[in-house]
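Novice: just a sequence and a predicted model for now, questions to come.
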Amino acid sequence: MASHHQGGADLLSRIALNDNKAGMEGLDRDKINKIILETSKGSKFYENELKKEQQVNQRIEKMMEQKARITKEQLKQAQAEVDKLTCELERSRELGRVIVHVDMDAFYAAVEMRDCPELKDKPMAVGSMSMLSTSNYHARRFGVRAAMPGFIAKKLCPNLVIVPTNFDKYRAVSAQVREIFSEYDPHFMPMSLDEAYLDITEHLEQRKHWPETMRTYHICDAKTGNDADRSAAESERDELSPVLFEDSPSSSPSLSGADGKAEVFGTSAEEAVREMRFRIEQKTSLTASAGIAPNMMLAKVCSDKNKPNGQYRIPPERQVVMEFMKDLPVRKVSGVGKVTEKMLAALGIVNCDQLSQQMALLSLLFSGTSWHNFLHISLGLGSTCIERDSERKSMSTERTFGEMSDAEEQYSLCRDLCHDLAQDLQREGLKGKTVTLKLKNVKFEVKTRAFTLQYAVCTEEEIFAAAKDLLKVEIDSVSPQPLKLRLMGVRVSGFISAEDKKPLQRSIMGFLQKDGSDSGSFTQCAGSVLKAQEDSDGASFLKPQSTEMKVPSVSDLSNTNSGTDTTCYVNKPAVLKPSFKISTQVLQFLTCPVCNTEMKDVNLTAFNNHIDECLKGSAVDNEPTHLDVPKEQKELNSKPPASSSESRALKSSSHDPSCNEEKPSTSISVPLVETDEDGDFKTPFFSHRTKINGKRSVISKKKMPVCESSSKASLTTTHNLEAVTEMSSDSKGSSLTCPVCSQPQSTDDLTLFNRHVDMCLNQEVLLEFRESHPPVGHSDEPALKSVRGQCKNKNNNQQQQQKRIINTLGSSPLPPSKKIKVLSTKHTIDKFFKSNAGQKV
DNA sequence: GGGGGAAGGACCA
DNA sequence: TTCCTGGTCCTTCCCCC
């Protein structure tokens, strides 16, 4: 009914007042809508909303056409399927939990009113002229509500007082409230600063045996029960009138009349929740509303029922639940927004009873996930298990501003955003592989452009390197016109999961990275490397072929161990071999990465065998194959360019013309050394994949690309050196710093420098590799010893670094070969229905 | 045909 | 004069194996 009659064309349901909120019943909708419309009309925002509205209308049209084609037979079949699923769901219906949804009343506004009592009798809202976060109940009478721009609100209510947001204050109050929540459910699930779900089943069980004193709370001073340690500030608060809203249905009848008297709460669910709300009010002078029900979906709906300052309970009986759902407008259910509401309304579905009547039709018109959701709703089902601290999927930051057309300014803003985001990511110790740029132009059209890197990133430079390229493409696409923006955002997603964070692949980027969040104490910064790479390679990140610098993360490689999904035995020698093998089609000149013997031949089989032997610890005794390669060839392979243009020239000249352009001339796969969060080395190779409801999780996706001729997995020495050299010359002019050992090197002879870097790199990589692969039956074999011996000759920096590596290994709780990784069985949280949805169908 | 990335959008507080 | 921010999930399209 809500969307049918809206003071204007049907087109405008998006802009018209949404009086779904509590405190907005019985308003003069037509008058309000007229003002909203007149104020909005002609604006870019309005135009865009109109466009979106038309898109929804088209969707509806399409849906209706589809509906017209449905045959009776199809409908009958669909009904059978719906009935079958309904039976299953009915059988698994759980009514045993007591779930509570608590929602602070007009939270931000209430906090401001509490702290500034003269606001109490005025219509007020928190936010700015451009956007309001929330409004008090006085303002709601005028149609002023959250998510409404302030200037429109002012038109609706000229006396409206707009108070700027003060999130620090809200956070502090929220912390107080959460303290109380945790006493009823230590695992409560906060949804935002003002909202949370609790499972009080266990609390109620204990509560039954509590003496009355434990359920007694005093109104003015703190003397009793488990609330004895209330602070002085809280007691002061008690002096303030807690009544913020007129006509509040109070849940604490004795509260207003009780002067300093105690209130005793019972043992029922209602009493426990009433007590919780009472304590919140005593502690913060703010009121909360609550819903009590057998699942989250219902609890959420219930908390809205007696808002503000009220509560409502649905007892755990199927009959009552169904009765409750019958008249409930679908829009009241969390997850049904204005688009879904409108689509359902077009099918004549407004309340949940109609929803259940039309399930067969819905199953034919909507996707599986969608109609399963509808079915759950119509049956009054929802999640019965609240899960706290679910894993974050992405992190982003965005900013809205006045029109911005200058490219330089845009890049600069982009960098700022990357900076902020990097800080946030690092604060939470997160690294993600996908960088998304979000742009909103002055016409309010939103575009997102994403790029997935081969490795996870978290530093400003790394994120910016990708975001900047994405931005460049957008700027270029409208050139010579300027890109006129009003919002820019940067997001990082595709996080390495908590489980996979440990076996984090050290990419070559990480290897060269200074940032402590990766593996530590390297002195060069990845950003510089990226810069150098980009300078020599144009929009490098957007070109799939420019992946020479990138090494796939271990999670990428997990599928090699595809036998089982539950356990991975690490450190199987048999699978170690291929990673060190040399790409097939290339190469004339090779240095064994284990024993450093130069081998001149293209006999790769022999070379691979040699490395395998070396890895087993016996290679020093083996005879390397010798075959001569012209000296110039050697130099070409490692000579760094002095400039970007030279770099390009060199790259092509160093390739065998008969080879694919993208194939490196020298290619050594980087061993897959894993690290934990601190960058400490862990067991390699066998990551794992998780399965959630039969689907592969986000974490592990690709097949193992590392063996044999995978160019993606290989580190191109030449390219690496280009980057390294450019980076160093950028920053230091004539003197070059080895990015591995941090030792300044003479630039008189670049070949020598390159040799040095190569050696360092090989030794680093090897050391890590060896450290994390203690060979069975060899405690400290010669090859490793020799590497360690060479390390001693390096400078202090590097010695420390080696030490760190070795120390870390020492602190490992289990020898790598004994480690068994058990897969996480954690489920993704379906927003509404975690239980059985979609498993059978 | 299924998996997975990219892009866009719905929805929430 | 002026219509947010940050997050999740879903759908659709397209490519690749």
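Specialist: That came in fine, so what should we check first? Numbers count the residues shown, from 1 in each chain, chains lettered A, B, ... in the order given.
Novice: and the residue nearest to residue A:104 when sequence neighbours are not counted, how many neighbours?
Specialist: Of all residues not flanking residue A:104 in the chain, residue A:194 sits nearest, at 3.9 Å (C-beta to C-beta, 6 or more residues apart in numbering). The way it works is simple: take the backbone N, C-alpha and C, and place the C-beta from them, glycine included. Other residues within reach of residue A:194, judged by other C-beta atoms under 10 Å, total 22.
Novice: enumerate every residue touching residue A:194.
Specialist: A:103, A:104, A:107, A:108, A:170, A:174 (C-beta atoms under 8 Å, 6 or more residues apart in numbering).
Novice: the closest residue to DNA strand B within the stretch 201-350 of chain A: how many residues sit nearby?
Specialist: Of all residues in the stretch 201-350 of chain A, residue A:337 sits closest to DNA strand B, at 2.2 Å by C-beta to the nearest atom of the strand. Counted with other C-beta under 10 Å, residues neighbouring residue A:337 total 11.
Novice: same thing with residue A:290?
Specialist: Number of residues near residue A:290 (other C-beta under 10 Å) recorded here: 28.
Novice: quick check: residue A:42 is in a helix.
Specialist: No: under DSSP: H, G, I helix; E, B strand; the rest coil, residue A:42 sits outside any helix and is assigned coil.
Novice: for it, give its distance to residue A:394.
Specialist: 36 Å (C-beta to C-beta, to the nearest Å).
Novice: now do residue A:47
Specialist: Relative to residue A:394, and taking C-beta to C-beta, residue A:47 is found at 30 Å.
Novice: quick check on residue A:149: phi, psi?
Specialist: Per-residue torsions, residue A:149: phi -60, psi 140 (degrees, to the nearest 10).
Novice: I meant residue A:129, not that one.
Specialist: phi -60, psi -30.
Novice: from what I can see it touches residue A:155, true?
Specialist: No: the criterion here is C-beta atoms under 8 Å, and residue A:129 misses it with residue A:155 at 11.5 Å.
Novice: measure how buried the nearest residue to residue A:159 once chain neighbours are set aside is and give me the count.
Specialist: Distances taken as C-beta to C-beta, 6+ apart put residue A:123 closest to residue A:159, at 6.1 Å, once the chain neighbours are dropped. Residue A:123 has 21 neighbours, counted by other C-beta under 10 Å.
Novice: what do you get for the one 3 residues further on?
Specialist: Using other C-beta under 10 Å, residue A:126 has 25 other residues around it.
Novice: in what helix or strand does it lie?
Specialist: Element membership of residue A:126 [criterion: DSSP states H and E] is strand A:124-127.
Novice: how about residue A:143: what's its closest non-neighbour residue?
Specialist: Closest to residue A:143 by C-beta to C-beta, 6+ apart is residue A:32, at 3.8 Å.
Novice: which strand or helix spans the one you found?
Specialist: Per DSSP H and E: helix A:29-40 holds residue A:32.
Novice: elements contacting the helix or strand just after that helix?
Specialist: Next in sequence after helix A:29-40, counting helices and strands by DSSP H and E, comes helix A:44-69. Under the contact criterion of 3 or more C-beta pairs under 8 Å, 6 or more residues apart in numbering; DSSP states H and E, helix A:44-69 touches helix A:338-346, helix A:359-365.
Novice: the next helix or strand after the first one - contacts with which helices or strands?
Specialist: Scanning forward in sequence from helix A:338-346, with DSSP H and E defining helices and strands, the next element found is helix A:352-357. Using 3+ C-beta pairs under 8 Å, 6+ apart as the contact definition, the elements that helix A:352-357 packs against are helix A:318-326, helix A:368-378.
Novice: apply 10 Å and report the result again.
Specialist: Here helix A:352-357 touches helix A:318-326, helix A:338-346, helix A:368-378, going by 3 or more C-beta pairs under 10 Å, 6 or more residues apart in numbering; DSSP states H and E.
Novice: any part of the last one near DNA strand C?
Specialist: Pointing back at helix A:368-378 there. Yes: applying C-beta under 7 Å from any atom of the strand, one finds helix A:368-378 touching DNA strand C at A:368, A:369, A:370.
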